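1. Fold the following for me, if possible:
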Amino acid sequence: MTAIAGLGGVLGVLFSVPLRRALIVERKLPFPEGMATAEVLKAGSSGAGIKYLAGAALAGGLAKFCEVGLRLWTGTAEGAAYLGRAVGYAGTNVSPALLAVGFIVGLNIAIVVFSGGALAWYVFVPLFSTFPQLDPHIAEFVAGNPSAVDLGYEIWNTKIRYIGVGAMLIGGVWSLIEMRHSLAAGIRSAAAASRSNGGWAGVAETERDVPMRWILVGSLAMVIPIYFLYHNIVASIGVALAMALIMVVAGFLFAAVSSYMAGLVGSSNNPTSGMTIATLLFAALVLLAMLGPDAANGAAAAVMIGAVVCVAAAIGGDNLQDLKAGYLVGATPWKQQVMLVVGAVVSALVMAPVLNLLLHAYGLGPATVDHPNSLTAPQATLMASVAQGVFGGRLPWDMVGTGAVVGAIIIALDKWLAARGKIFRVPVLAAAIGIYLPLELTTPILFGGILAHFVARWNARHANEEQSAHNLRHGTLIAAGLITGEALIGIIMAIPIVLSGNPDVIAIAAEPFGGLPGLLVVGVIAVLVYKVCTGKKQ
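-> Model prediction:
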């Protein structure tokens with residue numbers, strides 16, 4: 001874990017350096033999180049907005065503590081029933097952080113993500129529950145007279161999420177096709193800039209990047225430990241070399257794509273998982289040809305490639321957010337880039353202990369007897385399922401193919417909307433993620449998007465441009481605080497759980513009212529966010 005995070009992280013930093021000038025200085029992409037970070041930094045100098053950030057973090061952390069620690073309510077308010085033979089389901093997670101995610105991404109993306117979930121749970125799940133004979137496994141499961149909730153999740157887990165896989169694959173390929181001209185132009189621009197200011201003489205302090213020659217040397221040097229990491233798994237020089245080459249090429253390509261997409265729609269909407277899954281499937285097929293279907297370490301080797309590419313792409317996009325913030329506040333790029341390398345290494349050193357803590361406290365991946373409410377880690381679970389399916393011959397290619405068709409239809413719809421000049425768009429990867437995620441996770445994101453829409457509409461009608469920007473900036477700070485507070489308390493709560501071996505170590509109740517109290521808490525938070533962002537509560 002440390003090697004994957006460290007190598008992928010450093011490569012992500014190196015790959016992002018030549019793209020700074022092309023994407024931030026010349027193309028002037030917005031990089032929304034970078035702009036928000038710059039606003040936080042500016043607010044810190046005057047104290048304005050800090051109370052909202054801290055207050056939201058406290059609220060998000062307290063809600064998580066009451067749910068996970070005190071067990072005052074469950075994390076989900078959901079229910080299902082049989083409508084004839086079809087499963088009818090409704091549910092929502094009561095996480096303030098997911099509401100905040102929806103607020104940040106906005107109504108358009110929130111609707112698209114939820115629509116993907118609605119397609120999965122209101123079309124495909126009822127279809128398979130009504131006609132279980134379509135799949136022998138589902139028919140056998142139905143014979144056991146399961147509850148509607150159990151049957152719905154079984155259909156989603158074994159069938160429907162692979163439709164999301166297919167949609168993500170076609171979406172990742174389409175993103176690369178659409179990006180080809182911008183990507184080539186960005187690389188040419190970065191190379192030209194490197195030739196023109198390879199030395200720093202005459203270059204303003206705020207325009208000095210790490211020289212390109214050091215980026216090339218560093219990238220090539222990183223290939224060596226990556227090769228030995230892969231060789232340790234597959235014990236084959238040829239296979240390890242092929243894996244290293246695939247990783248480097250895919251890592252740079254997807255880091256560039258990730259950076260561009262993060263600049264357009266933000267890191268929250270960045271389709272890193274779709275690009276990673278496309279890489280993983282390609283790598284798995286290559287390894288299948290090289291190692292054979294019976295290779296015990298084939299799936300693990302494929303996941304290793306996907307993991308390093310995923311880290312590199314994610315870090316690349318996030319680093320451009322940091323560099324955008326630095327650009328707005330007058331920082332020196334090369335100093336930022338050096339410290340980003342340091343940050344990647346330090347993060348790698350703490351990543352494994354933190355993830356081990358979460359693993360033992362909550363569980364990661366599908367729910368088990370020991371961890372019935374595990375952290376689902378949907379993208380990671382999906383990657384493992386794809387790799388295992390390729391080598392075990394268990395990948396439901398019919399569902400993957402169905403997802404590819406669904407993805408193609410969504411792409412066609414999005415192009416049609418673009419041609420007609422419509423503001424509302426249908427990003428295929430956002431819809432694909434919605435198909436893959438449980439509906440209870442996409443529902444609060446939709447609520448957050450609706451909240452953001454009403455906030456924006458009120459400000460457009462009742463506030464001037466300066467006041468509207470001021471109110472919306474506070475909304476961004478509150479959303480960031482809710483996410484941060486919930487994430488931190490989740491990690492802190494894991495410590496006593498692991499030390500005691502008891503997930504209810506500080507519980508004072510047994511979730512007596514289900515998810516209803518949490519639903520009320522999220523409602524109160526939503527009302528307060530609306531008041532703050534409309535200037536009604538200052």
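2. hey, which helix or strand in this structure has the poorest pLDDT?
-> Lowest on mean pLDDT, DSSP states H and E among the helices and strands of the chain sits helix 32-46, with a mean of 69.
3. counting contacts, what elements does the helix or strand following that one pack onto?
-> Next along the chain after helix 32-46, taking DSSP states H and E as the criterion, comes helix 50-64. Here helix 50-64 is seen to pack against helix 32-46, helix 96-119, helix 465-500, helix 516-533 when contacts are counted using 3 or more C-beta pairs under 8 Å, 6 or more residues apart in numbering; DSSP states H and E. Every C-beta, even on glycine, is put in place using the N, C-alpha and C of the backbone.
4. any idea of the angle helix 50-64 forms with helix 516-533?
-> 170 degrees (axes from the mean of the first three to the mean of the last three C-alpha atoms, to 10 degrees).
5. Beyond helix 50-64, next helix or strand please.
-> Assigned by DSSP H and E, the successor of helix 50-64 is strand 76-83.
6. pLDDT on that following strand, on average?
-> Mean per-residue pLDDT for strand 76-83: 91.
7. Tell me the strands beside it, with direction?
-> If you go by DSSP bridges, strand 76-83 pairs up with strand 86-93 (antiparallel).
8. and the strand it pairs with with helix 96-119, angle?
-> Counting by the same axes, to 10 degrees, strand 86-93 lies at 160 degrees to helix 96-119.
9. what does strand 86-93 rub up against?
-> For strand 86-93, the surrounding residues in contact (C-beta atoms under 8 Å, 6 or more residues apart in numbering) are 75-82, 121, 125-127, 129-130, 148-149, 151-152, 155, 439-441, 443-444, 447, 515, 519.
10. Of all the residues in stretch 438-450, which ones are buried?
-> Applying a neighbour-count criterion of 16 or more other C-beta atoms under 10 Å, one finds 438-450 buried in stretch 438-450.
11. Can you pull out the residues in contact with it?
-> Around stretch 438-450, the neighbours that count as contacts under C-beta under 8 Å, 6+ apart are 76, 78, 89, 91-95, 98-111, 113-114, 116-118, 120-121, 153, 156, 376, 378, 434, 479, 522, 526.
12. mean confidence for it?
-> Per-residue pLDDT over stretch 438-450 has a mean of 92.
13. next structured bit after the helix or strand harbouring residue 177?
-> Residue 177 is located in helix 161-196, with elements delineated by DSSP H and E. Moving toward the C-terminus from helix 161-196, the next helix or strand (DSSP H and E) is helix 212-234.
14. Quick one: list the elements packing against whichever helix or strand comes after that following helix.
-> Downstream of helix 212-234, the first helix or strand assigned by DSSP H and E is helix 237-265. In terms of contacts (3+ C-beta pairs under 8 Å, 6+ apart), helix 237-265 is packed against helix 2-16, helix 161-196, helix 212-234, helix 272-291, helix 298-329.
15. quick one: average pLDDT of the second one?
-> Just to be clear, that refers to helix 161-196. The pLDDT scores in helix 161-196 average 72.
16. Ok, the shortest one next?
-> For helix 2-16, mean pLDDT rounds to 89.
17. Same question for stretch 135-155.
-> In this model, stretch 135-155 has a mean pLDDT of 92.
18. same thing with stretch 454-461?
-> On average, stretch 454-461 scores 90.
19. Buried ones in it, by neighbour count?
-> Neighbour-count burial for stretch 454-461, counted by 16+ other C-beta under 10 Å, picks out 455-456, 458-459.
20. pull the CA atoms of it into CSV?
-> Extracted in CSV, the C-alpha atoms of stretch 454-461 (Å, rounded to 0.1, in the frame of the first residue of the first chain):
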residue,chain,number,x,y,z
PHE,A,454,-32.5,27.1,-4.9
VAL,A,455,-29.7,29.0,-3.3
ALA,A,456,-28.4,30.2,-6.6
ARG,A,457,-31.9,31.1,-7.8
TRP,A,458,-32.5,33.2,-4.7
ASN,A,459,-29.2,35.0,-5.0
ALA,A,460,-29.8,35.7,-8.7
ARG,A,461,-33.2,37.3,-7.9
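21. The closest residue to residue 307 other than its chain neighbours: neighbour count?
-> Nearest non-adjacent residue to residue 307, counting by C-beta to C-beta, 6 or more residues apart in numbering: residue 4, 4.8 Å away. Neighbour count of residue 4, defined by other C-beta atoms under 10 Å: 20.
22. so who does residue 4 touch?
-> Residue 4 makes contacts with 229, 304, 307-308, 311, as judged by C-beta under 8 Å, 6+ apart.
23. next one: residue 166
-> Applying C-beta under 8 Å, 6+ apart, the residues near residue 166 are 399-407.
24. before we move on, what about residue 52?
-> Residue 52 neighbours (C-beta under 8 Å, 6+ apart): 474, 477-478, 481, 532.
25. of all the residues you listed, which two lie farthest apart?
-> The distance between the two most remote of these (C-beta to C-beta) is 11.3 Å, for 481 and 532.
26. quick one, which of these two is more surrounded?
-> Each of residue 481 and residue 532 has its neighbours counted (other C-beta under 10 Å); residue 481 has more, 25 against 20.
27. surely the more buried one meets residue 55?
-> Yes - using C-beta atoms under 8 Å, residue 481 is in contact with residue 55, at 6.9 Å.
28. in the protein, which segments are predicted with low confidence?
-> The chain contains residues with pLDDT under 70 at 36, 39-40, 43-48, 179, 182-203, 264-271, 274-275, 378, 536-538.
29. re the thing from before, how about a markdown table for the buried residues of stretch 454-461, with distance to residue 172 and secondary structure added?
-> Formatted as a markdown table, those follow (distance: C-beta to C-beta, whole Å; DSSP: H, G, I helix; E, B strand; the rest coil):
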| residue | distance to residue 172 | secondary structure |
| --- | --- | --- |
| 455 | 32 | helix |
| 456 | 30 | helix |
| 458 | 37 | helix |
| 459 | 36 | helix |
